[in-house]
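> Dropping a prediction and its sequence here:
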Amino acid sequence: MNSVVSNLKYETVLSSNNILEMDSLDFDQLFKAAADGDIEPFKRIDQQQVCFNLITTPIKNTILHINISSEKASMKFMEEILEICPSLLLQVNAQGDTPLHVAAKFEHIAIVDVLIKLARAQRDQESESRIGAVRQMLRMTNNKGNTALHEAMQYKGVRGLVKILVKEDPDFLYSTNNIGETPLYIAAEIGFLQGAIELLKNCSLVAHEGPNGKTALHAAVMINIPDLTRKILQKRESLTKEIDDNGWTPLHYAAYYGYQQVTRTLLEFGKSAAYIGDKYRKMTPLHLATSQGHIDIAKEIILCCPDCYDLVDERGWNVLHFAMASLCRKELSSLLENPLMKRLVKEKDDKGNTPLHVLATCTRSMETLHNSFNSIISEVRVNPSAVNKRNISAANAYNYGYPELKCEIMALSEDNEEGPYVRGILRRKCNYLDEHFKQLKGAKESHLIAAALIATVTFAAAFTLPGGYKNEEGKHQGTAILSRNSAFQAFIITDAIAMVFSTSAVFIYVVMSLDMFKKYINLFELGAWITVVAMGAMVMAFVTGTYAVLAPLWLAIVTCFIGLSFFFFVLPVASRRPTMDSAASSSNIVEGISLGSTTPENNATIHETLDIICPAHHHRFLDAAACGNSQPFNKQIAEQIKLIVTPIKNTVLHINIASEKVSTEFVEDVLGICPSLLVQVNTQGDTPLHVAAKFERIDVVKALIKHARAQHELESGIGAVRQMLRMTNNKGNTALHEAMQNKCIRVVKLLLREDTDFSYPANHCGETPLYIAALTGFYNAVIEMLGIGTSVSHDGPNGKTALHAAVRRNNQGLLTRRIIEKMKNLTKEKDDNGWTPLHCAAYYGRYEVMHILLEFDKSPTYVGDKYRKMTPLHLAASRGYLNMIMDMISQCPDCYELVDDREWNFLHFAMATLNKDELFILLQLPLIKKLLHVKDAKGNTPLHVLAAITPYLTFRLDNIINKVGGDTNAVNQHYVNVAEVFNLGCPNLKQEIIELSKHTGDGPYPQGVIVTKNIHENRILELSGKAKDPHLVVAALILIVTFAAAFTLPGGYRSDEESKNQGTAILSRKSAFQTFVISDAIAMVFSMCAVFSYFIMSLEALPLKKYLTLFIMTPWFVVIAMAAMAIAFVTGTYAVLSPSLGLAIVTCLIGLTVFLLLGRVGYTFVKEN
């Protein structure tokens, strides 16, 4: 403590009028003397009349407390006072502080030393615990439960002070104070490294406890001090496994907060923590590291503990589920370079969601990451068609959204501000990019204005030429005076480049305002760099133009240098431009060793990747197992071999099979020594056969079967081989399930031959091997299973069969045909939603599959589903599949009249989903025309639906009626006819149709019940609101420029006073000039129309139909005006540069390149929308 605090305390003591219950004046003098370290007044006191230990302040501070806390603390004063009154040594104040507590708090090393010396000199007054006065003093606690050592640590006292205190009582186990903190924990929590070192070095026993179940190691890790972490671990390695009240080990905190060096230190001393799930969500450190985007730490953990990669949390999420939600594309690609990580792509959580479902949900919700999903799919080479328990595939989640999973991920990314997940469970993928994306939208407006102004200036500059025009009569009259000057020619070219690039940038920003491009950032970057190029060209035009007209050379050079200094700023900035991936990454991607590869360099440390719970002398066996070396194993240690396991109970056999140096000879040798390893399982319930099937080790599978066959028959009546083949792991998977999931046909054939009579049941997800093979398109495996000659279980989750899975997979119908030929009755099987395979084919548009299904059985065509009574024909119509509709009606003509639960027939659906030409084709069938008059439960005919859903500008209703017939006067239950619905709208019917078109993300209709063809007015209004303001600015600028250009004509005006054409355009008879005038007029008129339209659109009373008409037409006005302005630029410059034909042609070519970009971007826009 400093002198200010000491004086403050002293003044506080002396400021009271009631310092003592006795004579205040006398005691005031004594307190002043104590603060000054003056012993004389105390010597004059008769001790028989006044006891010093009664001289206290209102908070019970003795004269010793006062002296120690003052600036004039005196060792001599203390020695003499304690000689007079020894009891002051242990006397406490109101806070329970002894003089030693105060000395430790104020960091008085010398005084602490004196107090200990004086205590030692006193006659031992041993208590029953037989401790001396020194230790009694050191162990005394104040009201907070703090000893003097606690105080020294809390106030980060000097190292020597801690050393004195601990050396005097090295055998005492300093316990926790009232808030659960030991001295070591306090030192670790505040980063008092030297104090912690002294404590660890000098105390034989050191308590490490902290509040909420934490230890000193937790505290050291949380403030990221690797040296302190190492010192604590050197004293007590077991702290790596200690969990706090949240179930977090120190490794959990290091992983969560991203402390890489601390993580390495922790893993160096103990790896078992990598396998521990926390209390609330069963998340391991690997899960936490990945969830927070710390890919370097995730790689570190996987490198040290490779068999922890497939551990899951309470929801069944593995590390890759978290990675898909938190890492950017570059980080994901880096992580997926590991072969083990790629295997997790197919693993499902408790709801059946694979990591690809998570990736699809995250990338869909972020406009910045649309390319990530497809790029990751191509990297892992996995078909995203695997469905979860709600029948949603990753592809569906990406294309149509998955609201439930999205909400779950959003909730995980929220900051809790308390508990173990203070930063949220997930660092949402590309939080930075999302924020950056919002910033781009704001920046786009200013970029647009900048590009438009550059276009304006450069366009005008082309006709306000430096040097002016020639006025003399002749064929060159009206042309540029400096047209043959090199600097002038450079000016013209760079000005043209600036105008073209800025105009292109303006066009890009105008299109971006509609927010319909997926590659928004790419377009923004393109527009930005085009604008930068335009700026550069404009600067060059300024430099060359001024150089051409400035006569003094020095002035021209200075002006040029000033202009070119722009590039000294631009080029360094451009060279340091960060990429999107680097901006999104929160940490550097460090190089690591792929788990799929084991090199000689890391083989030597492979035992370190296993846990320290294995006895030290087992390390060489684990190392040998990973290398495929069977020499250390012999019959003398046969009983111990099965005890050599990792924290997740992987045996040496599991380890060898999963390593790259897998050895069939090793497997045979070890099984010869310890046969029980054959069916020994790890914590996932996997036998060695499961692992061999998972990793596609065909030779190992053969060796395991051979060894099992050599064993005796078991009492159950089945052989050891079949017993092994039928064993299931914790997921309910047999080895055949694993082989199917990993698509290894040789393993599948071998397993099936060994147990042809067994009907493999479903696993815990409800999937049989045949269902898995069908779902993943594993055609050869399906053929193999169907050909074994006995009954094969075909069940799947949610009541589905292998035929449902084959239909979803499509595969040109090959799988479907094979399965039906073996099990014809499956065509009638319904899942929990009441869907037959034909329903699936109709909903997902599997045209070839539908033909095969109808070839074998037409009865499902008449089956309505569970929730809406929709038949396959209804589903095909609701999705807009005209070919399927026509074929179903052709093969089952009497199914066309069937209705759903609202009494909609298939034509009601078709009116909402088919376009005009498709409707004309469909309504050529006489049977179908009859349905035009059939009403639903609310009295609406199919024409009511058509009228409600038809976009106002698509086609006229009377054209439909004239071609196909129908009664527009038919009314529904609300007495509204078709014509009135078309002209005035029918909100209830329209809302019903909109609800049917929503993507539910789950249930039997994950993509919505219907796909509507209409453009919703709300979306139009939203888009027009975003686009209107920037379009108005552009249109206004074009209007201003083209209007001004009409009076600042290229070539100038005739100034000959004697001519009757004085004041007219000099170049008026030139074709290029005439084209310029016409195109400039067109640009002016169209831009004027656009400005007028945007003003009209702002009127709230404007009818919706007129609003939509203007919304569609006005952007084209702007585009036409831009194109006309570009033509005016080209023709105008050509007119004045005709004497220099080469320069004129080059300028025209540069100007016309704008149409290439306009065409390309316009084509992309139309194609995407």
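Okay, I see it.

> per-domain residue ranges of this structure.
317-429, 440-584, 626-726, 728-865, 890-1008, 1017-1138 (automatic domain parsing).

> any idea which of these scores lowest on pLDDT?
Between the domains of the chain, the one with the least mean pLDDT is domain 440-584; it has a mean of 66.

> Put together JSON lines for the domains of the chain, with mean neighbour count and distance to V102 on each row.
(C-beta placed from N, C-alpha, C; glycine too.) Converted to JSON lines, the domains of the chain look like this (neighbours: other Cβ atoms under 10 Å; distance: least, Cβ to Cβ, whole Å):
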{"stretch": "domain 317-429", "mean neighbour count": "21", "distance to V102": "36"}
{"stretch": "domain 440-584", "mean neighbour count": "18", "distance to V102": "54"}
{"stretch": "domain 626-726", "mean neighbour count": "19", "distance to V102": "49"}
{"stretch": "domain 728-865", "mean neighbour count": "21", "distance to V102": "61"}
{"stretch": "domain 890-1008", "mean neighbour count": "18", "distance to V102": "67"}
{"stretch": "domain 1017-1138", "mean neighbour count": "18", "distance to V102": "69"}
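
> Using JSON lines, lay out those domains together with distance to K235.
Formatted as JSON lines, the domains of the chain follow (distance: least, Cβ to Cβ, whole Å):
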{"stretch": "domain 317-429", "distance to K235": "26"}
{"stretch": "domain 440-584", "distance to K235": "41"}
{"stretch": "domain 626-726", "distance to K235": "23"}
{"stretch": "domain 728-865", "distance to K235": "38"}
{"stretch": "domain 890-1008", "distance to K235": "54"}
{"stretch": "domain 1017-1138", "distance to K235": "63"}
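
> Which of the ones you listed sits closest to A188?
domain 317-429 (18.5 Å; Cβ to Cβ).

> any idea how far the closest one is from the chain center?
8 Å (Cα atoms, centre = their mean, to the nearest Å).

> and G1132, what does it touch?
Contact partners of G1132, counting by Cβ atoms under 8 Å, 6 or more residues apart in numbering, are A462, F463, A1045, P1050, A1072, F1073, F1076, D1080.

> Now name the helix or strand holding it.
Per DSSP states H and E, G1132 falls inside helix 1104-1136.

> Restricted to helices, list the contacts of G1132.
A1045, A1072, F1073, F1076, D1080 (DSSP state H).

> which one of the residues you listed is nearest F488?
A1072 (19.1 Å).

> And the closest one, how far from F1129?
Here A1072 is placed at a distance of 12 Å from F1129 (Cβ to Cβ, to the nearest Å).

> Between those two, which contacts overlap?
If you check A1072 and F1129 against Cβ under 8 Å, 6+ apart, no residue is contacted by both.

> ok so, going back, show me which of the contacts of G1132 is closest to K743.
When these are compared against K743 (criterion: Cβ to Cβ), the nearest one is A462, at 64.8 Å.

> who are the neighbours in contact with the closest one?
I492, D495, A496, M499, P1050, F1129, G1132, T1133.

> returning to what we had before: right, and the pair among the ones in helices among the contacts of G1132 with maximum separation?
Greatest spatial distance in the ones in helices among the contacts of G1132: A1045 and A1072, 14.4 Å, computed using Cβ to Cβ.

> before we move on, back to that, among the ones in helices among the contacts of G1132, find me the one that's closest to A806.
Of those, the one sitting nearest to A806 (Cβ to Cβ) turns out to be D1080, at 65.0 Å.

> Please report how far the closest residue to that closest one other than its chain neighbours lies from T464.
Spatial nearest neighbour of D1080, chain neighbours left out: A1128 (4.2 Å); criterion: Cβ to Cβ, 6 or more residues apart in numbering. The gap separating A1128 from T464 is 15 Å, by Cβ to Cβ.

> ditto for D244
Distance check for D244 against T464: by Cβ to Cβ, it reads 76 Å.

> so how far is the strand or helix carrying V701 from its chain's centroid?
For V701, the element it lies in under DSSP H and E is helix 698-709. In terms of Cα atoms, centre = their mean, the centre of helix 698-709 is set 43 Å apart from its chain centre.

> what's downstream of it, the next helix or strand?
Of the helices and strands lying after helix 698-709 in sequence (DSSP H and E), the nearest is helix 720-726.

> Are there helices or strands packed against that next one, and which ones?
Contacts defined by 3 or more Cβ pairs under 8 Å, 6 or more residues apart in numbering; DSSP states H and E place helix 720-726 against helix 698-709, helix 735-741, helix 745-754.

> who wins for proximity to M341 among the ones you listed?
Once the helices and strands packed on helix 720-726 are compared by Cβ to Cβ, helix 735-741 is nearest, at 15.7 Å.

> Could you export that closest one as CSV, CA atoms only?
Extracted C-alpha coordinates of helix 735-741, given in CSV (Å, rounded to 0.1, in the frame of the first residue of the first chain):
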residue,chain,number,x,y,z
ALA,A,735,-20.3,-54.8,-38.7
LEU,A,736,-22.5,-55.1,-41.8
HIS,A,737,-24.2,-51.8,-41.0
GLU,A,738,-20.8,-50.2,-40.7
ALA,A,739,-19.6,-51.7,-44.0
MET,A,740,-22.8,-50.4,-45.7
GLN,A,741,-22.3,-46.9,-44.3
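
> which strands and helices sit next to it?
helix 688-694, helix 720-726, helix 745-754, helix 769-775.

> at 10 Å what do you get?
Applying 3 or more Cβ pairs under 10 Å, 6 or more residues apart in numbering; DSSP states H and E, one finds that helix 735-741 contacts helix 688-694, helix 698-709, helix 720-726, helix 745-754, helix 769-775, helix 779-786.

> would you turn these into CSV with distance to G132?
As requested, the helices and strands packed on helix 735-741 are exported to CSV (distance: least, Cβ to Cβ, whole Å):
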stretch, distance to G132
helix 688-694, 63
helix 698-709, 69
helix 720-726, 69
helix 745-754, 75
helix 769-775, 75
helix 779-786, 81
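
> Of the contacts of A462, just say which sits nearest to I1145.
Distances from I1145 to these, taken by Cβ to Cβ, are shortest for T1133, at 10.6 Å.
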